[in-house]
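Colleague: structure, please.
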Amino acid sequence: MHLMRVASLLVAGSFTAGCVKTPATSPVPQTEKRLLYMPRAVKQAYRNGTRSADGRPGAAYWQNHGRYNIAISALPPDRSIRGSEQITYTNNSPDTLRGLVIRLLLNIHKPGAPRGSGATEDYLTSGVHIDSLTVNGEPTPWDANESNFTVHPLHLRVPLLPRDSVRLSFKWHYDISRRSGREGMIDSTTWFLAYFYPRVAVYDDYNGWDTMDFTDVQEFYSDFNDYDVSITVPANYVVWGTGTLLNAEQVLQPAILERFIRSLTADQTINVATKAEMAAKRVTTQSPTNTWRFRAADIPDMTFALSDHYDWDAASVVVDDSTHRRASVQAAYNDAAADFHHMVQFGRHALDWLSHNWPGVPYPYEKTTVVQGFAGMEYPMMVNDESYADTIFSRFVVEHEIAHTYFPFYMGINESRYAMMDEGWATTFEYLIGSADLGKDRASGFFEQFRVDRWMSNPSPLEDLPIITPADALRPQAYGDNAYGKAALGYLALKDLLGDDTFRKALHAYMDRWHGKHPIPWDFFNSVNDVSGQNLHWFWNSWYFSNNYIDLAIADVAKTGSGYTVLINNVGGMPVPIDLQAHFGDGSSEAIHKTSAVWAADQRTATVEISTGESVQSLSLNGGIWMDADTTNNRWSARPPK
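Modeller: So this is what the prediction gives:
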């Protein structure tokens, strides 16, 4: 395993032993003796008091922090990106760190790098080259071990003590990949820059150093850091990016600057820069190069796009009614992309709806920018989305990506290990906003097609792995199910079970407790239990810790004095809502809905009472988005009279 290989490079031993851990002396409290499976490392975090059994951060909770000052140059047609940075990394942990872990995520492009799929020649590069490194001002050799790819150990000559900091200075360069995915060349003069800088990996209270290789399948885990980034590009290139643009008046011509400023308070889309203006060189300052400066605080990453021919649209929307705070919505795209001419309004709608409905938390950032690319990918304040002929699908995709603002960015999720905590929630919000946009029936059709059908129609053992399975252990097929559809179905079943008021209260409490921190699944489960006043271990166990799947069956129908009793078997074991349609002898019908609470006492068998004086002619189960793996046992008809 990669953990064992790179660990041997540290003088002190393994990565997690590249520190002096503060020993735990207290026993596991009684409240920690829970019904849910808990990894040993997570149990230790509870013993150490960094996490609490009521779902809150513990009294001893900590997380580390970095301040990044970065300067890069991107000068097309030269593909070489050159950068320098100063990092001040603060150790807030109780542990003495004998080494750090440095992430070079763009080494995913190196030949031989571990990847979830193959790579074309256009995708491959020679990776990231570290030109120089200093630690606390002292020149330090960089170990360019060819067996390391996206994760590199860095031994510290002087260990980093608790509550102390270390200063790192890097100079580096790399060639941008010709093939664009999450980052790279969208076209010859339009580039998307993501994961472009050396960074210190997360060191946390339950896992130690995050040493997971980035394979382009599972995603990311980042600390909340402060960034000041300068990007030098040729004249006539616009740069869009995360954070506050600090020097718009220095890089934009007056007419463009005026439109940009006006867009920050406008509801209607403003064409900040058109295709014709870009071609006529009337957009940016006409010096040989321009340096664009961006700054952001307490954010997990910074991402940028640059182009010399993309259209630039912008408007804004009120995201916080109490303060009347607006967020900017911007779009950068090829003029020929018809759907992107609507993208600012799609983005405004997403920010408005997500802020005021679900999750119902004001959008926390100053802006979002949607860039036409090829990734279908989210970043803090940025989205890189494809163009589609169907504008409804374009809106569907961008709503999902913008929903990621809350999970993983606002919440600091370890999405590379617990993807159900970010993709699952973005998929939940995707369905809820889609129901508002398109109506429940059409949104449900989308959801069933894209999020559920593969799970239900494929009986492979890979499809039924527990959602809690660490995402880095999953192949793409199982990863897609567990991270997206299955997890979202569980959250939607919880919403149905608790009711909107209690669900909202529990969700907001969890978000209030953990935003800007690093929650793990047990923090969510415990927080919902705490706020709802219910022990939902039976629900969590079945949905997130079991191999269950969805398969309900009508087992028996019995006449009673007041109507009928219908026995439902839970063949698959998953506690989903029951939706039973009854048709009566007089031609009438009734839809009967039972939340997942019906399975709390017995997760294999439930009864549904039908109060009626009419004869029941037929019954059918229709779970909707909770699609049934075997529909042959979902119907019952009364025997015709002899």
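Colleague: the one helix or strand residue 153 maps to - contacts with which helices or strands?
Modeller: According to DSSP states H and E, residue 153 maps onto strand 151-160. Helices and strands touching strand 151-160, by 3 or more C-beta pairs under 8 Å, 6 or more residues apart in numbering; DSSP states H and E, are helix 2-7, strand 96-103, strand 129-135. Every residue, glycine included, has its C-beta placed from N, CA and C.
Colleague: ok, which stretches of the stretch 201-350 of the chain are strands?
Modeller: Using DSSP state E, counting those that start in this stretch, the strands of the stretch 201-350 of the chain run over 203-204, 208-209, 225-234, 238-241, 244-245, 270-273, 289-299, 304-307, 311-320, 325-333.
Colleague: which residues sit against the last one?
Modeller: The reference is to strand 325-333. 238, 240, 263-265, 272, 305, 307, 310-319, 340-341, 343-344, 347-348, 351, 362-363, 365-372, 387 (C-beta atoms under 8 Å, 6 or more residues apart in numbering).
Colleague: next: the longest one.
Modeller: Residues from elsewhere that reach strand 289-299, judged by C-beta under 8 Å, 6+ apart: 73, 75, 224-235, 237, 239, 241-247, 250-251, 284, 302, 304, 365, 380-381, 409, 516.
Colleague: in that strand, what counts as buried?
Modeller: For strand 289-299, the neighbour count (16 or more other C-beta atoms under 10 Å) marks 290-296, 299 as buried.
Colleague: make a markdown table from those and add distance to residue 541 to it.
Modeller: Formatted as a markdown table, those follow (distance: C-beta to C-beta, whole Å):
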| residue | distance to residue 541 |
| --- | --- |
| 290 | 57 |
| 291 | 55 |
| 292 | 51 |
| 293 | 50 |
| 294 | 45 |
| 295 | 45 |
| 296 | 40 |
| 299 | 35 |
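Colleague: next, give me the two most distant ones among these.
Modeller: 290 and 299 (23.7 Å; C-beta to C-beta).
Colleague: include distance to residue 567, mean neighbour count and mean pLDDT when you put the helices and strands packed on strand 151-160 into a markdown table, please.
Modeller: Listed next are these as a markdown table, based on distance: least, C-beta to C-beta, whole Å; neighbours: other C-beta atoms under 10 Å; pLDDT from 0 to 100:
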| stretch | distance to residue 567 | mean neighbour count | mean pLDDT |
| --- | --- | --- | --- |
| helix 2-7 | 50 | 16 | 30 |
| strand 96-103 | 55 | 22 | 98 |
| strand 129-135 | 67 | 16 | 98 |
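Colleague: which residues of the protein score low on pLDDT?
Modeller: Where the chain drops to pLDDT under 70, the residues are 1-34, 640-642.
Colleague: ok, 90 please
Modeller: 1-35, 116-117, 144-147, 460-463, 473-478, 639-642 (pLDDT under 90).
Colleague: one step back: filter the contacts of strand 325-333 to the buried ones?
Modeller: Using 16+ other C-beta under 10 Å, the buried ones in the contacts of strand 325-333 are 238, 240, 263-264, 272, 305, 307, 310-319, 340-341, 343-344, 347-348, 351, 362-363, 365-372, 387.
Colleague: count the neighbours of the closest residue to residue 475 other than its chain neighbours for me.
Modeller: Leaving aside its sequence neighbours, residue 475 sits nearest to residue 462 (C-beta to C-beta, 6 or more residues apart in numbering; 6.8 Å). Number of residues near residue 462 (other C-beta atoms under 10 Å) recorded here: 16.
Colleague: thanks a lot, catch you later.
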